Structures are given as C-alpha cells and as structure tokens.
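Colleague: Below is the structure, and that's it, no one-letter string:
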C-alpha cells in the first residue's frame, strides 16, 4: 500500500491552486463558493476505486474522471486545507480516517507541490505516504524516516579500478554504502581539503581496507556540500569518487 500511495501522490501532485467557482454568478457576501474536483477512476486489484486529482490537473488521456463540487463552507477547504485532502477526508471510509492527522497530511502535500527542492519533496512524499498507510505523525516526522541509502561499487564488474558510479548525490541524513566488488582490496578515504568545513575527515574515512568481495562500508552524511574521496591503494590508477550532499 505504501508504494502504491507514493506513486499516486507523485502522479497527482501538480498545481495546488484550487479552481473556485461562484455558481450564483453574483458578488453578494453570503454567496456559496464551490470547489470543483476530478476523481480518477482506476481498477486496483479488480476493484473500481476513485482517487482525487488536485485542481488544475486534467483527466489523463484514456481514463475516466468523475466531476464533483464541494462547498467551501462545508469542508476543511474553508479552513485552508488543500482540496485534495478535503476530498480524501470526505471519501476515506475506514477506521484510519478517524485517526489520520489530516493537518500533517495537508502540510506534507503542500510541501510536495510547492517546494523546488528534490530532497524536501521526497521527504514530504514519504511522510504523506506513511500517513496514508496508517503510521503516526510522530513516526513519519522523524528525519530518519525519509532517509535513503545509496550504493557505490568499489571496482567495476569488468574489473576496472573505479568507483561505480563515480559521482553520487544524496540528501542530508542519507547514507552511502560502498561495496567491495572487483580488483580489491579497496577503501574509502576522503580528501581533507575537499570536504565541507567542520566535517572530520577521519570520522568519515575507512581505517582498514576491504579485501573480500561483498564486504561493505556504510557512512551517514548530515552536512551538505561536496566530498571528494579516493581508494588509497589505487589512487594512482585514478580511482576517485565525488559525493554531493544536498
């Protein structure tokens, strides 16, 4: 369910601005304001289900969408909550609906839509998916919840003395696992003149070398910046790597 929710949130999170329509056509203060929504009809595990699309997103070609209108005075949209969350709240028919932290979900979806930073969007998407899957807001709000680990091979499959990939980009709080692959022994030593200020070169570098294929070395990075590193036994052969922490 978590992976399905991630895909749906990533697919549907586009324009967060609601299309608001005055169905009376006048400008009196007590007029009723409505918000138009499209619900995408899809088949999930043999069952027909509806998923709300954010306003501004057209119905995907080849699919059928149901058009509905919600009174802004009768749902959470009146309190500033996003239309997608309002629609989910009205249609979520399960025990989870009673315990869902709707405000936290709304905050995550707004961040997902409006942020220009990949790492921020990724964290918000993961939090939103966790909430939709039934996890508590306290759990999904911890920094480690959205963290990921990327892998770098030490030595290519063909035996080339190189890190694969040679350049790696991660988010703050993520980790990198270096895997001894071919042509060992290998290690990871960071260049003390090419790492962010304040980071200890010794604390992030390996003390020993990895001799057996499949041996690993994992390190977490919490400081943003560029990190240059190399394999000490094969530095002369050009076995260098670059890590960027965003």
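Modeller: Arrived safely, thanks for sending. A quick note: this is a predicted structure, and the numbers were derived from the prediction, not measured.

Colleague: Tell me how many other residues crowd residue 219.
Modeller: Residues within reach of residue 219, counting by other C-beta atoms under 10 Å, total 16. Just so you know, the C-beta spots here come from the backbone N, C-alpha and C atoms, and that holds for glycine as well.

Colleague: Specify the beta-bridge partners of it.
Modeller: residue 176 (DSSP bridges).

Colleague: Return the residues in contact with it.
Modeller: When contacts are counted by C-beta atoms under 8 Å, 6 or more residues apart in numbering, residue 219 touches 175-176, 188, 204.

Colleague: And for residue 171?
Modeller: By C-beta under 8 Å, 6+ apart, residue 171 lies in contact with 118-119, 122-123, 147-148, 245-246.

Colleague: Most neighbours among those residues, please name it.
Modeller: Ranked by the number of neighbours (other C-beta under 10 Å), the contacts of residue 171 place residue 123 first, at 24 neighbours.

Colleague: For that residue, which three-state class applies?
Modeller: helix (DSSP: H, G, I helix; E, B strand; the rest coil).

Colleague: distance of it from residue 239?
Modeller: Computed as C-beta to C-beta, to the nearest Å, the residue 123 to residue 239 distance reads 33 Å.

Colleague: repeat for residue 187
Modeller: Using C-beta to C-beta, residue 187 is found at 10 Å from residue 239.

Colleague: shared neighbours, these two?
Modeller: Counting by C-beta under 8 Å, 6+ apart, the contacts common to residue 187 and residue 239 are residue 231.

Colleague: any idea how this structure splits into domains?
Modeller: Using automatic domain parsing, the domain parsing of the chain gives 2-146, 149-245.

Colleague: weakest of those domains by average pLDDT?
Modeller: In terms of average pLDDT, domain 2-146 trails the rest of the domains of the chain, at a mean of 60.

Colleague: other SSEs contacting whichever helix or strand residue 129 is part of?
Modeller: Residue 129 is part of helix 118-132, with elements assigned from DSSP states H and E. Identification of packing neighbours for helix 118-132 by 3 or more C-beta pairs under 8 Å, 6 or more residues apart in numbering; DSSP states H and E yields helix 2-12, helix 102-114, helix 137-140.

Colleague: List the buried residues in it.
Modeller: Burial within helix 118-132, assessed by neighbour count using 16 or more other C-beta atoms under 10 Å, is assigned to 119-132.

Colleague: Then stretch 206-218?
Modeller: Burial within stretch 206-218, assessed by neighbour count using 16+ other C-beta under 10 Å, is assigned to 206, 209-210, 215, 217.

Colleague: Which of the residues you listed sits closest to residue 233?
Modeller: Nearest to residue 233 among the buried residues of stretch 206-218: residue 209, at 6.7 Å, using C-beta to C-beta.

Colleague: So that closest one is in contact with residue 185, correct?
Modeller: Yes. Look at residue 209 against residue 185 with C-beta atoms under 8 Å: they come within range, at 4.0 Å.
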